[in-house]
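Novice: Following is a predicted model, sequence given first.
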Protein chains: 2
Amino acid sequence: MSAPDYRVYLVLDPGQCGGLEGMLRVSEAAIAGGAGVVQLRAPDWKKRDWLAAARALKTLCHARGARLLVNDHLDVALAIGADGVHVGQADLPAGVVRSLLGPDAIVGLSVSNAAELAAAELAAVDYLGVGPVFATLSKPDAAPPVGLAGLASLVSAVGKPCVAIGGISLDNAASVAATGVAGVAVIGALCRAADPAAAARALLNHFREKP
Amino acid sequence: MSAPDYRVYLVLDPGQCGGLEGMLRVSEAAIAGGAGVVQLRAPDWKKRDWLAAARALKTLCHARGARLLVNDHLDVALAIGADGVHVGQADLPAGVVRSLLGPDAIVGLSVSNAAELAAAELAAVDYLGVGPVFATLSKPDAAPPVGLAGLASLVSAVGKPCVAIGGISLDNAASVAATGVAGVAVIGALCRAADPAAAARALLNHFREKP
């Protein structure tokens, strides 16, 4: 398969989308607008619900050429054959995820500062989620914002694609894209958009053609 | 390996044990008193903590001839090579767990009533956790208690080992054992015991010699 297109990276939130039906609707529209990656993230859900949502999203994403990643729950990813897993600092270590998912899966890791980047198992990851760039309401336990200068500094120190996350909106996406990131990960900017396809197109416009 | 000894089945609770150190202390004592199975259950924990606890518990259990099962998180079980996984009705389906863990793993499933038992993928499970037998404080979202008569009825309908769970104490364990269950799963009766080894011995006394 071709390399993932990280430029517009949708992170789903059941609350902001209005449940599974809304998550499917937002995903379909965002992919139509250019989102290349969809991440299922539902920290409050039990895994039976994760499984059903992941199955439906995989079908939807693959029919439209997008990748489906699963946040945290490697077992759900294995169960449905997702394209990969995204883990945070308190989740399973990236090396464990890689060894269980195999070499072809996409493994992403969140880093929030230089110390976390220095400790990251970079050999095990395909991309880094860097942030929060700005203050965000979508993740109550998020680390302090790194800001645009902090983001640029972290991005320049890594030889892997970096996806910026945290408080990214249509208003500030241009300045985020200018830091050299491979893409922007958004929750609210797509899940709460009146027109998620148009919002995805607007985000995509800040990046060059797909590498 | 020999068949699991389900007679005294310890379910760990970080709060009731006092964190990981307490969980290891209780597990060691309970196994010394005759517990044959230890289940790691920590619904509020992030997986990095699950992983560390599961690794330490596996070492402890295997050095003493007990089995370590992981509640819910199949990925944690795969990562550390646990003996198996226990799932509830809202977790990954037992058939999915079996297919990902392979034929040699121990797979347990919770059932709370005849409808759940009728729907259970019995071919995929090694044992059933049946309950709650009595009202319990350890699991706030537990189903209504089945009582001793309900337990006996469910047990007699299954051709698999049944482990009773929910509100089982040293005072009522004899009546629970008399229903024909293979064992009793307890949280508080061991995690909060002044002498978990003695408590495990007292529970074991209600069962015949290991089959």
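Specialist: That came in fine, so what should we check first?
Novice: what does chain A put close to chain B?
Specialist: Within chain A, the positions adjacent to chain B are A:46-49, A:51, A:72-76, A:78-79, A:89-93, A:96, A:100 by C-beta under 8 Å from any C-beta of the partner chain. Where you see a C-beta, it was placed from the backbone N, CA and C, and this is true even at glycine.
Novice: Run through the residues that contact the residue lying farthest from the centre of chain A.
Specialist: Using C-alpha atoms, centre = their mean, the residue of chain A lying farthest from its centre is A:Arg48. It sits 21.9 Å away. By C-beta atoms under 8 Å, 6 or more residues apart in numbering or on different chains, the residues touching A:Arg48 are B:89-93.
Novice: of the residues of chain A next to chain B, buried ones?
Specialist: A:46-49, A:51, A:72-76, A:78-79, A:91-93, A:96, A:100 (16 or more other C-beta atoms under 10 Å in any protein chain shown).
Novice: picking that back up, filter the residues of chain A next to chain B down to just the ones in helices.
Specialist: Under the assignment DSSP state H, the residues of chain A next to chain B contribute A:47-49, A:51, A:74-76, A:78-79, A:96, A:100 to helices.
Novice: Tell me the spacing between A:Ser175 and chain B.
Specialist: Remark: distance between A:Ser175 and chain B (C-beta to the nearest C-beta, to the nearest Å) = 32 Å.
Novice: Now for that residue: which residues touch it?
Specialist: Residues near A:Ser175 by C-beta under 8 Å, 6+ apart: A:Leu148.
Novice: can you give me the helices in chain A?
Specialist: Counting by DSSP H, chain A has helices at residues A:14-17, A:19-32, A:47-63, A:74-80, A:94-101, A:114-119, A:147-156, A:173-177, A:188-191, A:196-204.
Novice: In a markdown table, list the ones you listed along with mean pLDDT.
Specialist: Converted to a markdown table, the helices of chain A look like this (pLDDT from 0 to 100):
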| stretch | mean pLDDT |
| --- | --- |
| helix A:14-17 | 96 |
| helix A:19-32 | 98 |
| helix A:47-63 | 98 |
| helix A:74-80 | 98 |
| helix A:94-101 | 98 |
| helix A:114-119 | 96 |
| helix A:147-156 | 96 |
| helix A:173-177 | 97 |
| helix A:188-191 | 97 |
| helix A:196-204 | 98 |
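Novice: closest one to B:Leu137 among those?
Specialist: helix A:47-63 (24.5 Å; C-beta to C-beta).
Novice: Can you point out the buried residues in that closest one?
Specialist: Buried residues in helix A:47-63, counted by 16+ other C-beta under 10 Å: A:47-51, A:53-58, A:60-61.
Novice: Farthest pair within these?
Specialist: Most distant of those, by C-beta to C-beta, are A:Arg48 and A:Cys61, 20.5 Å apart.
Novice: quick one, phi/psi of the nearest residue to A:Ser156 once chain neighbours are set aside?
Specialist: Excluding the flanking residues, the one nearest A:Ser156 by C-beta to C-beta, 6 or more residues apart in numbering or on different chains is A:Gly180, at 6.7 Å. Phi and psi for A:Gly180, reported as degrees, to the nearest 10, are phi 100, psi 10.
Novice: Next, the contact list for A:Gly180, please.
Specialist: Counting by C-beta under 8 Å, 6+ apart, A:Gly180 makes contact with A:152, A:155-156, A:162.
Novice: ok, the residue nearest to A:Gly183 when sequence neighbours are not counted - contacts?
Specialist: Closest residue to A:Gly183 apart from its sequence neighbours, by C-beta to C-beta, 6+ apart: A:Tyr6 at 3.5 Å. With contact taken as C-beta under 8 Å, 6+ apart, A:Tyr6 is in contact with A:36-37, A:127, A:161, A:163, A:182-183.
Novice: Hmm, A:Val70 and A:Gln39 touching each other?
Specialist: Yes - counting by C-beta atoms under 8 Å, A:Gln39 touches A:Val70, with 7.3 Å between them.
Novice: which of the residues in stretch A:19-29 are buried?
Specialist: Within stretch A:19-29, the residues that qualify as buried are A:20, A:22-24, A:26-29, counting by 16+ other C-beta under 10 Å.
Novice: Stretch A:116-123 too?
Specialist: Residues of stretch A:116-123 classed as buried under the neighbour-count rule (16+ other C-beta under 10 Å) are A:116-117, A:120.
Novice: From the buried residues of stretch A:19-29, pick the one nearest chain B.
Specialist: Nearest to chain B among those is A:Leu20, at 14.9 Å by C-beta to the nearest C-beta.
Novice: List the contacts of that closest one.
Specialist: A:14, A:49, A:52-53, A:56.
Novice: give me that answer again for 7 Å
Specialist: Taking C-beta atoms under 7 Å, 6 or more residues apart in numbering or on different chains as the criterion, A:Leu20 is in contact with A:53, A:56.
Novice: Could you check how far it is from B:Gly166?
Specialist: Distance of A:Leu20 to B:Gly166, given as C-beta to C-beta, to the nearest Å: 31 Å.
Novice: Nearest spatial neighbour of A:Val8, chain-adjacent residues omitted?
Specialist: Spatial nearest neighbour of A:Val8, chain neighbours left out: A:Ala35 (4.3 Å); criterion: C-beta to C-beta, 6+ apart.
Novice: what's the neighbour count on the closest residue to A:Gly167 other than its chain neighbours?
Specialist: Excluding the flanking residues, the one nearest A:Gly167 by C-beta to C-beta, 6+ apart is A:Phe134, at 2.9 Å. By the criterion of other C-beta atoms under 10 Å in any protein chain shown, A:Phe134 has 18 neighbours.
Novice: re earlier: could you redo the helices of chain A as a markdown table and give each row distance to B:Ser138?
Specialist: Output for the helices of chain A, formatted as a markdown table (distance: least, C-beta to C-beta, whole Å):
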| stretch | distance to B:Ser138 |
| --- | --- |
| helix A:14-17 | 28 |
| helix A:19-32 | 30 |
| helix A:47-63 | 20 |
| helix A:74-80 | 24 |
| helix A:94-101 | 29 |
| helix A:114-119 | 35 |
| helix A:147-156 | 43 |
| helix A:173-177 | 46 |
| helix A:188-191 | 36 |
| helix A:196-204 | 43 |
